[in-house]
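Asker: task: produce atomic coordinates for the following.
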Amino acid sequence: MVFTLDYKSRLPIYEQLYRSIRRMAAVGAVDRREPLPSVRALAQELGVNPNTVQKAYRMLEHDGIICSVPGKGSFLSEDLSAISQQREIALEKLDDAIRSAADLGITKNQIIVRVESIISGRGE
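Answerer: The predicted model follows:
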C-alpha cells in the first residue's frame, strides 16, 4: 500500500492519510481481506506520530470506511455504502459550488480550468 503525503501542504497529515485511504477504498485498490498496516507500523513508515495515524483511522472507522477487529487489525468495511454516500454528498457540494461560481460570473472555461488543475494535482 502506497500512501502519498505532502509534508508541505496546509492540509494536516491525518486528513491527507484519511483521504488517501478513502480514495484507495473507493477505487478498489485495497483488498478487503488484507488488514491495513497497524498504527505503529504505518506511523514508522511515514515518519509521523502514531497519534496522527490513529486519528485518521478513527475518522475512517467513524465514517464506516474501515472496521477494527480486535486482535486482527483494521480492515476495509464489507459494506462500502458509506463511500457511496460520501460520493453523493461530494457531487451535491460540487453542484452547489459550480452554481455559485456561475452566479458570480465565473465562466465555464474558468471553472473547467480550475477543475482540471485540481484533478491533475496543481491546485488546491
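Asker: least confident secondary structure element in this structure?
Answerer: Using mean pLDDT, DSSP states H and E, helix 81-103 stands out as the lowest-scoring helix or strand of the chain, at a mean of 86.
Asker: which stretches of the protein form strands?
Answerer: 66-69, 73-76 (DSSP state E).
Asker: columns mean pLDDT on top of those, output as a markdown table?
Answerer: Formatted as a markdown table, these follow (pLDDT from 0 to 100):
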| stretch | mean pLDDT |
| --- | --- |
| strand 66-69 | 90 |
| strand 73-76 | 91 |
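Asker: contacting residues for the most centrally placed residue in the chain?
Answerer: Nearest residue to the geometric centre of the chain (CA atoms, centre = their mean): R19, 1.4 Å. For R19, the contact set (CB atoms under 8 Å, 6 or more residues apart in numbering) is empty. The C-beta positions use only the backbone N, C-alpha and C, and glycine is treated the same way.
Asker: ok, it to T4 distance?
Answerer: 10 Å (CB to CB, to the nearest Å).
Asker: likewise M24?
Answerer: Distance from M24 to T4, by CB to CB: 10 Å.
Asker: which of those two has more neighbours?
Answerer: Using other CB atoms under 10 Å, the more surrounded residue of M24 and T4 is M24, with 16 against 10.
Asker: number of residues surrounding F75?
Answerer: 17.
Asker: and what of the one 4 residues further on?
Answerer: The criterion is other CB under 10 Å. On that basis, D79 has 10 neighbouring residues.
Asker: now it: closest residue in space, sequence neighbours ignored.
Answerer: Distances taken as CB to CB, 6 or more residues apart in numbering put G64 closest to D79, at 7.2 Å, once the chain neighbours are dropped.
Asker: surely the one you found and E78 touch.
Answerer: No: applying CB atoms under 8 Å as the test, G64 and E78 come out as separate, 10.4 Å apart.
Asker: ok, those two, which is more surrounded?
Answerer: Taking neighbours as other CB under 10 Å, G64 and E78 compare with G64 leading, 15 against 7.
Asker: distance-wise, check that one relative to S84.
Answerer: In terms of CB to CB, G64 sits 10 Å off from S84.
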